[in-house]
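>>> with the input below, show me the fold.
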Amino acid sequence: MVLPLFKLGTLALRTLSKPIANRLKKNAGLHPKFREFIINIAQTNHRFTTTVQRRIYGHATDVLIRPLDEGKAVQVASELLGEIFVFTVAGIALIYEVHRNARSEARKEERRKQELEALKQKNRDLEKEMELLKCKLQFTQGRGFTDFFKLWQAGTLEDQKSGRPSYMPAM
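Okay, here's the model as predicted:
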């Protein structure tokens, strides 16, 4: 039940981040210093993408690349800023999901270790009980069948008084 709700919450977070990104795009060019900053980012991005495209197509890369005009640079930078915001939100959600799954797996592994330790302890206890039963069997085999029957009858009378099971010989 938690997983579908978490997935739905993640989807809602991504959906809500898009209008925030659009608002960032719209208001990106209003503050003068921020406007200058995003214009520089847009110009750098334009030079980089143009150079990469020219290398891919085999054209000369040492030519002068014309800068974008100011309006186009603000538009490109605000688009880039909006995309970066959406991808950052999605990346943070993804990192959180991976971290949550890792914690869940660690808890499962800890439970498995505890169950394994409990099984090992039960195995040790059963081995001890088996050794005790072997000792009792050797004790009864050394006395013979008639002695065992006498011991068992005598133990039955004593066991009724002491509350011990009748199949265990008195020692």
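>>> so where's the protein shaky on pLDDT?
Residues of the chain meeting the criterion pLDDT under 70: 1-6, 29, 142-171.
>>> what packs against the host helix or strand of V74?
Taking DSSP states H and E as the definition, V74 sits inside helix 70-143. For helix 70-143, the packing partners by 3 or more C-beta pairs under 8 Å, 6 or more residues apart in numbering; DSSP states H and E come out as helix 2-27, helix 32-57, helix 145-162. For glycine as for every other residue, the C-beta is placed from the backbone atoms N, C-alpha and C.
>>> 6 Å - rerun?
Helix 70-143 sits against helix 2-27, helix 32-57, with contacts defined as 3 or more C-beta pairs under 6 Å, 6 or more residues apart in numbering; DSSP states H and E.
>>> stretch 56-65: end-to-end distance?
One end of stretch 56-65 sits 16 Å from the other (C-alpha to C-alpha, to the nearest Å).
>>> just the residues contacting it, thanks.
47, 50-51, 54-55 (C-beta atoms under 6 Å, 6 or more residues apart in numbering).
>>> swap in 8 Å and give it another go.
When contacts are defined by C-beta atoms under 8 Å, 6 or more residues apart in numbering, stretch 56-65 is touched by residues 46-47, 50-51, 54-55.
>>> would JSON lines of the residues you listed with neighbour count and distance to L137 be doable?
Below are the contacts of stretch 56-65 laid out as JSON lines (neighbours: other C-beta atoms under 10 Å; distance: C-beta to C-beta, whole Å):
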{"residue": "H46", "neighbour count": "18", "distance to L137": "91"}
{"residue": "R47", "neighbour count": "14", "distance to L137": "90"}
{"residue": "T50", "neighbour count": "15", "distance to L137": "91"}
{"residue": "T51", "neighbour count": "15", "distance to L137": "88"}
{"residue": "R54", "neighbour count": "15", "distance to L137": "91"}
{"residue": "R55", "neighbour count": "11", "distance to L137": "86"}
